[in-house]
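Chemist: What would the 3D arrangement of this be:
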Amino acid sequence: MASMAGKVVLITGGASGIGLETGRRLASQGAHVVLVDRSDIPASVIGSLDTSAHGRHLAVTADVTDTASLESAVAQILSEYGCLDVVVANAGIAEAGTVAISDVETLTRIVDINLNGVIRTVHATLPAVTAQRGFYLLVSSAAALKTVPGQSAYAAAKTGVEAFGGGLRLEVAHKGVGVGVAHPAFVRTPMFESQHSIESVRASIEELPWPFDVVTDVEDCADAFVDAIVRRRRKVYVPGALRGVDKIRGVFTGSLWDAILRPKMRKTVPLLERGILESRARAALTRQ
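Modeler: Numbering: from 1, shown residues only. Sure, this is the predicted structure:
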C-alpha cells in the first residue's frame with residue numbers, strides 16, 4: 001500500500017462534507033492537504049486537520065466555474081509546495097426538482113458545477129499531476145448507475161463525470177497518471193440533510209430499491225475515498241453493494257426499470273413536486 005506521507009492533495013468542495021472528511025483522513029496519514037472552496041474557508045476548519053503527521057495544510061478560495069481562479073489556485077499550490085500529487089474533484093451541488101418545476105438556470109448550473117467543474121479542475125491541474133505521475137479521484141454518483149425522476153440534470157452531470165473519467169484514464173495511463181471514479185449514493189452531509197428535510201424528497205428516497213436507498217455516514221464515505229486514493233483504484237462504490245449494480249446497470253436504466261418505477265411515479269412525482277414547491281415558498285417567506 002502506498003504512503004500518503006508528504007503527498008500534496010487538492011480537494012475541491014473541501015469546506016465541509018465529504019471533501020473535508022476526506023481531507024482530515026489524508027492529513028492524519030501525513031499528506032499536505034489543500035482544501036479548495038468557492039467561499040473563504042474558516043481558519044477553524046483548516047485547524048481541524050491533523051498536523052501531528054507533519055502535514056502542512058492550506059485553504060484556497062477558488063470557484064470550479066471559473067477557470068482563472070482554478071489556475072490561480074494551482075499556481076499558489078505549486079508556489080507553496082512545489083508539486084501536486086493528487087486531485088479529488090469533489091465540488092458539487094444538488095437540488096431536488098423535476099424539469100417541469102425547475103428553471104433552466106438551475107438545471108444548467110447543476111451541470112456546470114457538477115460536470116464542467118470537474119473538467120475545469122482536471123484541465124487546470126493536469127500538467128502538475130502528470131509531472132508527479134499522480135492520481136485523480138473524480139466524484140460521480142450512484143445517480144450515474146440508474147435513472148430516477150427529480151434528479152435529471154444531476155444524473156446527467158454525474159454520468160458525464162464517469163464518461164469523462166473513463167476517457168481521461170486512457171489518455172493519461174501511459175504517462176503514469178491514475179484516474180479513479182467514485183460512485184457514492186446518499187451520504188449524510190449538510191447538502192444531503194438540506195434536501196432530506198423536505199418530506200416529499202424523503203418519501204421519494206424511500207421508494208428506491210436497495211442499495212440505492214442506503215444513506216452512508218460521511219466518515220465511512222471518506223474512508224472509502226482514501227482507500228481508493230491510496231490504492232489508486234479505478235472505481236469506488238459507496239455503499240460497496242453498488243459494485244454489483246454497476247455490473248448489471250442495464251437493468252436500472254432500461255425498459256424493465258421504467259416498468260418497475262412508472263406505477264410508483266404516478267403518485268410520487270406529483271407529491272415530490274408539491275413538496276418542493278411548498279418548501280421553496282416557505283424559504284422565500286423566511287427571506288422576506
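
Chemist: Tell me the helices and strands packed up against the helix or strand containing Pro270.
Modeler: Element membership for Pro270 (DSSP states H and E) is helix 255-287. Secondary-structure packing of helix 255-287 (3 or more C-beta pairs under 8 Å, 6 or more residues apart in numbering; DSSP states H and E): helix 199-206. In this view, the C-beta of every residue, glycine as well, is placed from N, C-alpha and C.

Chemist: Show the average pLDDT along the helix it packs on.
Modeler: The average pLDDT for helix 199-206 rounds to 63.

Chemist: after that helix, next one along is what?
Modeler: Downstream of helix 199-206, the first helix or strand assigned by DSSP H and E is strand 215-217.

Chemist: for that following strand, packing partners?
Modeler: strand 186-188.

Chemist: quick one, strands of the stretch 1-150 of the chain?
Modeler: Counting by DSSP state E, counting those that start in this stretch, one finds strands in the stretch 1-150 of the chain at the ranges 8-12, 32-37, 58-61, 86-89, 135-139.

Chemist: quick one: average pLDDT of the first one?
Modeler: Yep, that's strand 8-12 we're talking about. 99.

Chemist: Tabulate the CA atom coordinates of that strand in CSV.
Modeler: The C-alpha atoms that make up strand 8-12 are tabulated as CSV, following Å, rounded to 0.1, in the frame of the first residue of the first chain:
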residue,chain,number,x,y,z
VAL,A,8,0.2,17.2,-1.8
VAL,A,9,-3.6,16.7,-2.2
LEU,A,10,-6.0,19.2,-3.6
ILE,A,11,-9.7,18.7,-2.7
THR,A,12,-12.4,20.8,-4.3
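
Chemist: what pairs with that strand, and is each one parallel or antiparallel?
Modeler: strand 32-37 (parallel), strand 86-89 (parallel) (DSSP bridges).

Chemist: Can you give me the buried ones in the helix holding Pro270?
Modeler: Within helix 255-287, the residues that count as buried by 16 or more other C-beta atoms under 10 Å are 257, 261, 265, 268-269, 272-273, 275-276, 279.

Chemist: Can you tell me which of those residues comes closest to Thr189?
Modeler: Nearest to Thr189 out of those is Ser279 (C-beta to C-beta; 18.4 Å).

Chemist: before we move on, back to that, include pLDDT when you put the buried residues of helix 255-287 into CSV, please.
Modeler: Output for these, formatted as CSV (pLDDT from 0 to 100):
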residue, pLDDT
Trp257, 67
Leu261, 72
Met265, 72
Thr268, 77
Val269, 77
Leu272, 72
Glu273, 77
Gly275, 79
Ile276, 74
Ser279, 78
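
Chemist: Would you mind giving those residues as TSV with distance to Val9 added?
Modeler: Shown next, in TSV, are the buried residues of helix 255-287 (distance: C-beta to C-beta, whole Å):
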residue	distance to Val9
Trp257	37
Leu261	39
Met265	41
Thr268	40
Val269	41
Leu272	38
Glu273	40
Gly275	39
Ile276	36
Ser279	36
